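In: Predicted model follows, preceded by the sequence.
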Amino acid sequence: MKNVALITGASSGIGVEFAKIHAKNKGDLIIVARRKHKLETLKQELEQTYGIQVKIIAKDLTHSEAALEIYKEVKESGIQINYLINNAGFGGHGKFHERDWENDLQMIQLNIVALTALTRFFLPEFVNKNKGRILNVSSTASLMPGPLQAVYFATKAFVTSFSNAIAEELHDTNITVTTLLPGATESEFAQTSGMDKTDLFENTFSALEVAKAGYDGMMKGKLNVLAGLTFSQKIMMATVPFVPKKTMLKQIRNMQELK
């Protein structure tokens, strides 16, 4: 396999679009997700359409040992990856003290621990080769606190902070770390998190638009890429640092109230 991208959360939404974009660019793939049947369907489509090779790894990254198992499987196969795209993640709606703790714990494991672990396992190899690109999918949610999605917003704040920090640590190498910060995007996320019934997801962008912005940003070595924002949302994001915190918290809570 050559020009290999490992993509987590590749069974739906932005992850599928990342895989299609990379395959269209004649890159081979390792696609990771829980749902093996969806990965098999995607593998068949990409191999037949683009003549590339696709390896499937069916793993649930909410399990603490999954990231290491993925790394070991890749190493044992002798595959060298060139791009690491940490896309897997999920959210959840509701007041923190009323939400199921196990669900939030799995969210932290997937959104933070698995992403950090995979980056840690593969990054030394990139450094040894002095070559490689990492794309970590965060969210515009990372730029502010999120009442009614307290844990999700906080996990994404970690992703952006972590990714930006290691990008600077690697400033004197040929390795880049790009953070994708999407706004509301058409994907399973809205339904599984319950956010499809809020004002925040009234206007959504396609997963393809968001994935293309992130992939192109990674290839250009950009630090942060904001995507999937309406004009009014862009203005709102620009004003976030200047709005009184209590006012901002109330605005965000109102946008995330169920209709």
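Out: Noted; the coordinates are in hand.

In: Helices of the stretch 101-250 of the chain, residue ranges please.
Out: Under the criterion DSSP state H, counting those that start in this stretch, the stretch 101-250 of the chain contains helices at 101-108, 115-129, 150-169, 188-193, 207-220, 231-239, 245-255.

In: possible to save those as TSV with distance to Arg34 and mean pLDDT?
Out: (C-beta placed from N, C-alpha, C; glycine too.) Output for the helices of the stretch 101-250 of the chain, formatted as TSV (distance: least, CB to CB, whole Å; pLDDT from 0 to 100):
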stretch	distance to Arg34	mean pLDDT
helix 101-108	12	98
helix 115-129	15	98
helix 150-169	18	98
helix 188-193	12	56
helix 207-220	18	96
helix 231-239	31	76
helix 245-255	30	85
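
In: For Lys24, find the nearest of these.
Out: Lys24 lies closest to helix 207-220 among these, at 10.1 Å (CB to CB).

In: so where's the stretch 1-150 of the chain shaky on pLDDT?
Out: Filtered on pLDDT under 70, the stretch 1-150 of the chain yields no residues whatsoever.

In: Quick one: residues contacting Ala117.
Out: The contact partners of Ala117, by CB atoms under 8 Å, 6 or more residues apart in numbering, come to Ala67, Leu68.

In: Use 52 as the first number for this chain going forward.
Out: New numbering, starting at 52: the last item is Ala168.

In: quick one: it from Ile286, how far?
Out: Plainly put, Ala168 is 37 Å away from Ile286 if you go by CB to CB, to the nearest Å.

In: Which of the helices of the stretch 152-301 of the chain sits closest to Gly78?
Out: helix 258-271 (10.4 Å).

In: Show me what that closest one is packed up against.
Out: If contacts are counted by 3 or more CB pairs under 8 Å, 6 or more residues apart in numbering; DSSP states H and E, helix 258-271 sits against helix 64-75, strand 183-188, strand 226-233, strand 275-278.

In: now those in TSV, with distance to Phe177 and mean neighbour count?
Out: Shown next, in TSV, are those (distance: least, CB to CB, whole Å; neighbours: other CB atoms under 10 Å):
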stretch	distance to Phe177	mean neighbour count
helix 64-75	17	24
strand 183-188	3	25
strand 226-233	5	25
strand 275-278	20	18
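
In: could those be laid out in JSON lines, adding distance to Lys146?
Out: As requested, those are exported to JSON lines (distance: least, CB to CB, whole Å):
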{"stretch": "helix 64-75", "distance to Lys146": "26"}
{"stretch": "strand 183-188", "distance to Lys146": "26"}
{"stretch": "strand 226-233", "distance to Lys146": "25"}
{"stretch": "strand 275-278", "distance to Lys146": "28"}
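
In: Please identify which of these is closest to Gly197.
Out: strand 226-233 (13.6 Å).

In: the inter-axis angle of the closest one versus helix 282-290?
Out: Going by axes from the mean of the first three to the mean of the last three CA atoms, to 10 degrees, strand 226-233 is angled at 120 degrees with respect to helix 282-290.

In: tell me the mean pLDDT over strand 226-233?
Out: Strand 226-233 shows an average pLDDT of 97 in the prediction.

In: Name the residues that touch it?
Out: So strand 226-233 is contacted by 65, 174, 177-178, 181-191, 193-194, 210-211, 214-215, 217-218, 221, 256, 261, 264-265, 268-269, 272-279 (CB under 8 Å, 6+ apart).

In: Can you name the residues that contact the closest residue to Met195 other than its chain neighbours?
Out: Spatially, and ignoring its direct neighbours in sequence, Met195 is nearest to Val291 (5.7 Å; CB to CB, 6 or more residues apart in numbering). If you count contacts by CB under 8 Å, 6+ apart, Val291 has them with Leu194, Met195, Met299.

In: before we move on, what about Lys296?
Out: Here Lys296 is in contact with no residues (criterion: CB under 8 Å, 6+ apart).

In: Let's see that with 10 Å instead.
Out: Met195, Pro196 (CB atoms under 10 Å, 6 or more residues apart in numbering).

In: Distance of it relative to Thr113?
Out: Distance from Lys296 to Thr113, by CB to CB: 32 Å.
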